[in-house]
Each structure stands twice: as structure tokens, then as C-alpha cells.
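Trainee: sharing a model prediction with you, sequence too.
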Amino acid sequence: MKVLQSFLAAVVTFTRIPILWHLPAEAFSRASLYLPVLGWLVGGVQFVILMVASRWMAQDVALFLALLFPCLLSAGMHEDGLADFADGMLGGHTIPRRLEIMKDPRVGSYGVLALLIVSGGGFLALRNTAMDLQGRTLLISAVLSRSVCIPLLGTLPYLNHAGSRSQGFIPTSFHGWRTLLPLWPIIPLFTFLPSIPAMIAFPLVWGLLILWLRRYLQKQLGGLTGDCLGAAIKICEFSLFLLACLLWPQSPP
């Protein structure tokens, strides 16, 4: 029962899907640990959208619709985090100033540039990935990008607890070996990787991104915020799209 409640809490927290079932506050404190499971739901729907839409319209349009789905599902939650993250990190010279900028609901030039690069670059990378592997790439990236949050939550302190909207969704006792347990959803992904190089490259890039993000956040902020997690998801997703384009380039016509 607790597992189901926590997953439903993750659905309520990170999407706009309404859940009529009353959920206890404890379930919401574990919601972020179910992000990898939610990635399967999001990536699975993206896969279906791409497969179905490509039968009735141009592949580029079908791909655009598949990429649009997570943004609509979460009302741009992760994209908003990326924009705030870019504005704060690039526009502030001290930790307090960076955090202050990230709290500002307005989007600055750095945030706009980050959204353009990640969204546009991600689309171009997928567009130039082998057509029969675009759906797999969407599914793999949806799961791995959300899984990147788990090690960050387990190894970095969460900042701005007072008044933070994300405070209720952050686990209070989550460290050490416990950080590995919620990562079990990434194991089945290996069945979707069609080659040994891909089985090596995707986990390697994913692991390197975690190490880089952790070091960067520790140095620049001394911890993380909800915006940092949203940015981490989008940065990881974008990086995996580029990797897929590199591993599985689309054959020239």
C-alpha cells in the first residue's frame, strides 16, 4: 500500500494527472524516489505517441508531439527548473545571489537560451537518430534522466527548506546505500539497448553526468534545490539524445 501511495504521490507531484485518492503526507515525502518509475510511464507514452503519430503524419511532426507530451504533462515543471537554474548559475556571483535569482519567477536571457539549446538541440539530435530507434531513445532517456535525481538527493543537502515548495517532497532520511534502492527501474532498460557499445555508453554517460552535476552543485551552491533537479533531468535527457544520435545515426537518403 505504501508503495502505491508513494507512486501516486509522485504522479500528483510531477504531473497534472488528478488523483482523487486521499494520500498521506508521508507518501509525498517519498514521491521523488519514484521518479524513475514515473519515467517508465512518461517514456512509454512517448514511445506510443511516436509510433502511432508517425503512421498518420510526417516523422518530424510525430517526434515533436512525442517531445511535447512530457512538457504538457508536467506543465513545464522541469523546463521551468532549467530556465531558473541557468539564470541563477550564470547570472549570480555568490551563492545567496544565485538562490535569489532562481526564486524569481521571471525568465532571463540565460534561461531562454538554455531552453532553446536543450529543446531545439534535443529535437535535432533525435531527428538525426535512426528512425527505428527514436522510440527506444525516448523511453531510455525518460527513465535515466529522472533517475539522475536519486543519487543527487542522497549525496547533497537540500537548500532553502524554509518556504520551499519542494520541501514536502524531499526524503528526510536518505543517504548511503539507501540511494541505490530506488534505482532498480533502470535495470530493465538494458533489454532496450540493441548493442554492447550502447550497454556500456549509456550507463557510462549517465554516471559521468551524475558525478559532474554533483560536483558542480556542491561547488556553486553547496547543495541543491527543486530547480536544480529539474535542470538535471533536462540536461541528462539532452545529453542522452546526443549520445543516441552519435551511436545510431540516421542513414542518409
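Mentor: Nice, I can see it. In this text, all values refer to a predicted model and were calculated from it rather than measured experimentally. Numbers count the residues shown, from 1 in each chain.
Trainee: shouldn't Arg30 be in contact with Ser6?
Mentor: Yes: using Cβ atoms under 8 Å, Arg30 makes contact with Ser6 at a distance of 4.2 Å. Every residue, glycine included, has its C-beta placed from N, CA and C.
Trainee: could you say what helices and strands the helix or strand of the chain with the lowest mean pLDDT packs with?
Mentor: Ranking every helix and strand in the chain by mean pLDDT, DSSP states H and E puts helix 25-29 at the bottom, with a mean of 76. Where contact means 3 or more Cβ pairs under 8 Å, 6 or more residues apart in numbering; DSSP states H and E, helix 25-29 is packed against helix 2-14.
Trainee: what about the closest residue in space to Leu73 that isn't next to it in sequence, distance to Gly226?
Mentor: Leaving aside its chain neighbours, Leu73 sits nearest to Thr15 (4.9 Å; criterion: Cβ to Cβ, 6 or more residues apart in numbering). According to Cβ to Cβ, to the nearest Å, Thr15 and Gly226 sit 15 Å apart.
Trainee: on that earlier part again, now do the least confident helix or strand of the chain: distance to the chain's middle.
Mentor: In terms of Cα atoms, centre = their mean, to the nearest Å, the centre of helix 25-29 is found 21 Å from the chain centre.
Trainee: so which bits of that helix are buried?
Mentor: Applying a neighbour-count criterion of 16 or more other Cβ atoms under 10 Å, one finds Ala27, Phe28, Ser29 buried in helix 25-29.
Trainee: ditto for stretch 242-253
Mentor: Buried-residue list, stretch 242-253, by 16+ other Cβ under 10 Å: Leu242, Leu243, Ala244, Cys245, Leu247, Trp248, Gln250.
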